[in-house]
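Visitor: Below is the sequence, then the predicted model.
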Amino acid sequence: MKYRVTEQIELAHGLEVDLKEGWKKITSRQFGGNPGRAASELLQNAIDSYAADVPINERRIDIKTTQQSLSVIDYGSGLDRKKLQLLVTLGGTDKDNNAATIGFFGVGFFSIFNPRLQTNRVRVITRCEGSIVELTFQVNHPEEPPTITVAVLDQTINFSTCVEVHFTTPSSVNLCLDAMENALRYYPCRFTINGLQHHSIWEHARREKAFMFDDGFCQGFIERGHYFESVTMLCKYERIMSLSMDALITGGHNMTNSLDDYYPGSMPCI
């Protein structure tokens, strides 16, 4: 069993065919001016690792840092051989427009190799179909695909998947951690950062007795005393924009302060 797992994960020509042409573009240009946002992709993968029937507020993710490393640990379902293949093949994803998932597993993972982050090594340890599998991505040149090795470990783990990223400079850890903390405030999951619980805006809203609503895939809350001055829009718990209630109702157009503002042909649907 262990032999078959590693044989199916290792793609004889996967790196040579799939990565060389698009590596520099996809690792450098996904997030514009903030390469630290790549760490948010690791968060999304960790959240989505849980089975769909596990409520999002019961999903646990632990984040740990050292001076030059960042680890994201989840307790979900692990990675099967198909998902491990996506980690060694640029361009693959297993989340084609799935409303129950947050991110895209595969392509987003490679953004952590942005040359500006000075990533040195990425180590993935996961449960895979009865085995404990380790993938190591060793960066030899910042603008070239890493060398990948696959091994089956003879050990037990108390988590499902751990992604451990090593950088050559401490500033990259801070850059990623800042981006992660900005994203974390909107996710209603159970997060810890170096052992300390991280509280989301959802927990704060419940403590403050805000008006909560949940209509299928549309969830939110209205805080008391804010008079709709600011509306924050999220898509799958990721912040899209902040705007006024007037702008929300009119789709960003000017208000007429008459019933024309609510004309069905102009009223935006969200």
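Guide: Looks like it arrived, so ask away. Keep in mind the model is a prediction, meaning the values are calculated, not measured.

Visitor: Every contact and neighbour count from this point should use C-alpha atoms.
Guide: OK.

Visitor: In terms of helix, strand or coil, where does A51 fall?
Guide: coil (DSSP: H, G, I helix; E, B strand; the rest coil).

Visitor: How about the contacts made by F211?
Guide: Residues near F211 by CA atoms under 8 Å, 6 or more residues apart in numbering: 221-224.

Visitor: Which positions in stretch 123-136 come out as buried?
Guide: Of the residues in stretch 123-136, 123-128, 131-136 count as buried by neighbour count, 16 or more other CA atoms under 10 Å.

Visitor: closest to L175 among these?
Guide: R123 (19.4 Å; CA to CA).

Visitor: which residues of the stretch 1-150 of the chain fall in helices?
Guide: Here the stretch 1-150 of the chain has its helices, by DSSP state H, counting those that start in this stretch, at 2-9, 14-18, 23-28, 38-48, 81-86.

Visitor: coming back round to it: adding secondary structure as columns, could you present the contacts of F211 in TSV?
Guide: Formatted as TSV, the contacts of F211 follow (three-state DSSP):
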residue	secondary structure
F221	strand
I222	strand
E223	coil
R224	coil
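
Visitor: and which of those residues is nearest Y75?
Guide: F221 (28.3 Å).

Visitor: Tell me the strands beside the strand ranked longest in the chain, with direction?
Guide: With secondary structure taken from DSSP state E, the chain has its longest strand at strand 119-128. Paired neighbours of strand 119-128 in the sheet (DSSP bridges): strand 131-138 (antiparallel), strand 161-167 (antiparallel).

Visitor: who touches the last one?
Guide: The one in question is strand 161-167. 42, 46, 68-76, 78-79, 117-127, 173.

Visitor: Name the helix or strand of the protein that has the lowest mean pLDDT.
Guide: helix 14-18 (a mean of 44; mean pLDDT, DSSP states H and E).

Visitor: how much space between the spatially most central residue of the chain and K236?
Guide: In the chain, the residue lying closest to the centroid (CA atoms, centre = their mean) is Q44, at 2.2 Å. Distance, Q44 to K236, using CA to CA, to the nearest Å: 10 Å.

Visitor: Please apply the same query to L153.
Guide: In terms of CA to CA, L153 sits 35 Å off from K236.

Visitor: what distance separates stretch 116-124 from the middle of the whole chain?
Guide: 16 Å (CA atoms, centre = their mean, to the nearest Å).

Visitor: mind listing what's buried in it?
Guide: 117-124.

Visitor: How about the backbone phi and psi for G130?
Guide: The phi/psi pair for G130 (degrees, to the nearest 10) reads phi 90, psi -10.

Visitor: er, D80 actually
Guide: According to degrees, to the nearest 10, D80 has phi -80, psi -180.

Visitor: so how far is T192 from Y75?
Guide: Taken as CA to CA, the span from Y75 to T192 is 13 Å.

Visitor: more crowded one of these two?
Guide: Y75 (19 against 16; other CA atoms under 10 Å).

Visitor: Dihedrals phi and psi, that one?
Guide: phi -130, psi 40.

Visitor: residues in contact with it?
Guide: Taking CA under 8 Å, 6+ apart, one finds 49-50, 59-61, 159-161 in contact with Y75.
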